[in-house]
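Asker: here's a sequence, model it:
(2 chains)
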Protein chains: 2
Amino acid sequence: MRIVVLAGGIGGARFLRGLKEAVGPQADITVIGNTGDDIHLFGLKVCPDLDTVMYTLGGGIHEEQGWGRADESFAVKDELKAYGVGPEWFGLGDKDFATHIVRTQMLGAGYPLSAVTEALCARWQPGVRLIPMSDDRVETHVLIEQDGAKKAVHFQEFWVKLHATVPAEAIIPVGAESARPAPGVLEAIAEADVILFPPSNPVVSVGTILAVPGIRAAVAAAAAPVVGLSPIIGAAPVRGMADKVLAAVGVETSAAAVARHYGSRAAAPGDASGGGGQGAGLLDGWLVDEADADAVAEVEAAGIPCRAVPLWMTDVERTAAMARAALELAEAVRRA
Amino acid sequence: MRIVVLAGGIGGARFLRGLKEAVGPQADITVIGNTGDDIHLFGLKVCPDLDTVMYTLGGGIHEEQGWGRADESFAVKDELKAYGVGPEWFGLGDKDFATHIVRTQMLGAGYPLSAVTEALCARWQPGVRLIPMSDDRVETHVLIEQDGAKKAVHFQEFWVKLHATVPAEAIIPVGAESARPAPGVLEAIAEADVILFPPSNPVVSVGTILAVPGIRAAVAAAAAPVVGLSPIIGAAPVRGMADKVLAAVGVETSAAAVARHYGSRAAAPGDASGGGGQGAGLLDGWLVDEADADAVAEVEAAGIPCRAVPLWMTDVERTAAMARAALELAEAVRRA
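Answerer: Below you'll find the predicted structure:
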């Protein structure tokens, strides 16, 4: 079974670990990773979401933290501080620095990010094919108001430095409109048996991937069922601060609202085209947490088959159960 | 007193520490540093000689080793190895990596190496003005024979990887002929009260600095006396493998032969020009170790005033005594 997952960082990576457990080593999983969070720090190219997926599936992740390396040290960071070179708010450990050094060196030598990611994965053996959404530079910026003036800051500055404590007025994937999907992205989507949206941030993770021209249309046109898992439980994000960026795109922080935001792939009332194609909705199915069982009817009323199952990724086994539920829903809607 | 020192790495740095002790904080010391040893590793610009001077005078050096940082860790290097990214033979520690990251970032932003070096020194406060010989790239290559074929390798590969175990057939400062002295280099030489050649490698350290067009002529034409200290004691280098590269330029490994290699600034017999200027010798004085007292007459016969004093830099006080002896010889030849 060929499974394609559009993944952000921590949520996507943890879901993927459960998915691998659920489907076993025979499944063919392609992960299209968000690169809108990428940032140049100290002259080095840092790809937080790709690395979180790679480290998590490759056994190198700092488990409690969810990002960065286990057993990390911070000699380089301390030295950079001694040189007065910032920013200090982005915590790069020594082991993590090595990844960024290798990546930057390969990019400097002319390799595209997709080839670099493949080379890094040759060490980590994540058990999935990890492809960045694009080899072109896309940077998610956030429009905020500071000292009375509007200002666009890098997503990492909004998220990590400001801890999303100021309202996000708009989310701008800078460069997305001229970015091309990385080699293999559109093919994987077209050839998939199932496409999954893990409980990643629908705006700055999955949303940024979908903002690369061609990817949204490919998902909408795919033969495979598309099933998503809600990153919102109750009225709050499972983790992170998805509510802060949902507000910026006018979406309520609820499992049903996120489903409606992605939209139904089924023909909308009065839509004679029968669904599919650019501009149509994306979902054939949606999973909400048991706590949001009330939302099932609302999601289904929007044309999206929906089930309520436990969605807390507290351990690999429970996460595997979530992945099985998503695959079962995909089979159900495929037959329907 | 304005003192200019043409310095390589470990020998130059240790001599400078003694010189600072000898002249006190009021003296104005400009160090023109060799950059022919510079190398790009892992996409980062590494300047071993500049860093050795900076770390030694700034209190960050690994004392026993003579290069690199004290209390160093190697997490980045271990990770690079795990990625299969080499070379492994050049030992960069985590603290040292930070220096190269800052340097590379600044160079990438368009600052010349001299400005970058000044910025790094703002932290280290070496107590001297450290200027790279050139902002242009010069790389010392060594011609060797390997598997029956001639091959030019980077000096660091010859020195650190091969441990100078194969004969050096030629020393080639690649790029030197089109390099320009860094801002301030020629001015410092012209305005100096004393110019010193520390016991650095006469071929790949001081020799490379002199290979930058304009620097040799400036030293030869300088108003100040030029005094050198022999890096050879007996028939062996004080440290390092200077003998290996002296052979490549046809110079015997002896204190007198190195003095003759630099040459006398006094008018050579039959030279009606009176000395000075391009092509002339460089030395007004030379210090040899007490063990080489026999060589004094030979050096003086070559037109270079010479004294025998202890030249082992075993501690700062003995090194300061060497510096005082060099300055005394400079005064003696200035008066003469």
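Asker: use CA for all of it now, contacts and neighbours both
Answerer: OK.
Asker: check which residues of stretch A:47-61 are buried.
Answerer: A:47-58, A:60-61 (16 or more other C-alpha atoms under 10 Å in any protein chain shown).
Asker: show me the residues you listed that map onto strands.
Answerer: Using DSSP state E, no member of the buried residues of stretch A:47-61 falls in strands.
Asker: now those as a markdown table including distance to residue A:203 and pLDDT?
Answerer: Converted to a markdown table, those look like this (distance: C-alpha to C-alpha, whole Å; pLDDT from 0 to 100):
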| residue | distance to residue A:203 | pLDDT |
| --- | --- | --- |
| A:47 | 18 | 98 |
| A:48 | 16 | 97 |
| A:49 | 14 | 97 |
| A:50 | 17 | 98 |
| A:51 | 20 | 98 |
| A:52 | 18 | 98 |
| A:53 | 18 | 98 |
| A:54 | 22 | 98 |
| A:55 | 23 | 98 |
| A:56 | 22 | 98 |
| A:57 | 23 | 98 |
| A:58 | 26 | 97 |
| A:60 | 27 | 97 |
| A:61 | 24 | 97 |
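Asker: in helices, which of those residues fall?
Answerer: Residues of the buried residues of stretch A:47-61 located in helices (DSSP state H): A:48, A:49, A:50, A:51, A:52, A:53, A:54, A:55, A:56, A:57, A:58.
Asker: need those in TSV with distance to residue B:266, can you?
Answerer: Output for those, formatted as TSV (distance: C-alpha to C-alpha, whole Å):
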residue	distance to residue B:266
A:48	65
A:49	68
A:50	67
A:51	65
A:52	68
A:53	70
A:54	68
A:55	67
A:56	71
A:57	72
A:58	69
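Asker: residues of the lengthiest helix in chain A that come out buried?
Answerer: Counting by DSSP H, the longest helix found in chain A is helix A:316-335. For helix A:316-335, the buried set under the neighbour-count rule, 16+ other C-alpha under 10 Å, comprises A:316, A:318-327, A:329-330, A:333-334.
Asker: can you tell me the SS state at the nearest residue to residue A:25 once chain neighbours are set aside?
Answerer: Counting by C-alpha to C-alpha, 6 or more residues apart in numbering or on different chains, residue A:25 lies nearest to residue A:127, which is 7.6 Å off, once chain neighbours are set aside. The three-state label given to residue A:127 by DSSP: H, G, I helix; E, B strand; the rest coil is coil.
Asker: before we move on, what about residue A:220?
Answerer: Secondary structure of residue A:220, per three-state DSSP, is helix.
Asker: is it true that it touches residue A:281?
Answerer: Yes. The pair residue A:220 / residue A:281 is scored as a contact, 6.8 Å apart, by C-alpha atoms under 8 Å.
Asker: what do these two both touch?
Answerer: Residues touching both residue A:220 and residue A:281 (C-alpha atoms under 8 Å, 6 or more residues apart in numbering or on different chains) are residue A:265.
Asker: what helices and strands are in contact with the longest helix of chain A?
Answerer: Contact analysis of helix A:316-335 by 3 or more C-alpha pairs under 8 Å, 6 or more residues apart in numbering or on different chains; DSSP states H and E lists helix A:10-23, strand A:194-197, strand A:226-229, strand A:285-288 as its packing neighbours.
Asker: regarding residue A:5, what is its secondary structure?
Answerer: Residue A:5 ends up strand, using three-state DSSP.
Asker: tell me which of the helices and strands packed on helix A:316-335 sits nearest to chain B.
Answerer: Counting by C-alpha to the nearest C-alpha, chain B lies closest to helix A:10-23 out of the helices and strands packed on helix A:316-335; the figure is 21.0 Å.
Asker: residues making contact with that closest one?
Answerer: A:6-7, A:27, A:49, A:52-53, A:56-57, A:66-67, A:127, A:198-201, A:239, A:313, A:316-324.
Asker: which residues touch the spatially closest residue to residue A:295 that is not a sequence neighbour?
Answerer: Closest residue to residue A:295 apart from its sequence neighbours, by C-alpha to C-alpha, 6+ apart: residue A:256 at 5.8 Å. When contacts are counted by C-alpha under 8 Å, 6+ apart, residue A:256 touches A:295, A:296, A:298, A:299.
Asker: give me the element residue A:256 is part of.
Answerer: Assigned by DSSP states H and E, residue A:256 belongs to helix A:255-262.
Asker: how distant is the helix or strand bottoming out on mean pLDDT in chain A from the center of its chain?
Answerer: None of the helices or strands of chain A scores lower by mean pLDDT, DSSP states H and E than strand A:236-237, at a mean of 85. The chain centroid and the centroid of strand A:236-237 are separated by 16 Å under C-alpha atoms, centre = their mean, to the nearest Å.
Asker: may I see the buried residues of the strand ranked longest in chain A?
Answerer: Using DSSP E, we find that the single longest strand of chain A is strand A:139-146. Neighbour-count burial for strand A:139-146, counted by 16+ other C-alpha under 10 Å, picks out A:139, A:140, A:141, A:142, A:143, A:144.
Asker: from residue B:332, how far off is the fifth one?
Answerer: By that I understand residue A:143. 71 Å (C-alpha to C-alpha, to the nearest Å).
Asker: likewise the fourth one?
Answerer: Per C-alpha to C-alpha, residue A:142 is found 70 Å from residue B:332.
Asker: again with the third one
Answerer: Look at residue A:141 and residue B:332: by C-alpha to C-alpha, they are 68 Å apart.
Asker: adjacent strands (with direction) for the strand or helix carrying residue A:45?
Answerer: Taking DSSP H and E as the criterion, the element that holds residue A:45 is strand A:44-46. Using DSSP bridges, the strands paired with strand A:44-46 are strand A:39-41 (antiparallel).
Asker: can you pull the contacts of residue A:96?
Answerer: A:68, A:69.
Asker: buried residues in whatever helix or strand it lives in?
Answerer: Residue A:96 is located in helix A:94-108, with elements delineated by DSSP H and E. The neighbour-count check on helix A:94-108 (16+ other C-alpha under 10 Å) flags A:94-107 as buried.
Asker: CA atoms only for that helix - export them in CSV, please.
Answerer: Coordinates of each C-alpha in helix A:94-108 appear next as CSV, following Å, rounded to 0.1, in the frame of the first residue of the first chain:
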residue,chain,number,x,y,z
ASP,A,94,25.9,20.7,18.8
LYS,A,95,24.6,17.5,17.2
ASP,A,96,21.9,19.4,15.4
PHE,A,97,24.5,21.9,14.1
ALA,A,98,26.2,19.0,12.3
THR,A,99,23.1,18.3,10.3
HIS,A,100,22.8,21.9,9.3
ILE,A,101,26.5,22.1,8.4
VAL,A,102,26.2,19.0,6.1
ARG,A,103,23.0,20.4,4.6
THR,A,104,24.4,23.8,4.0
GLN,A,105,27.6,22.4,2.5
MET,A,106,25.6,20.2,0.1
LEU,A,107,23.3,23.1,-0.9
GLY,A,108,26.4,25.2,-1.5
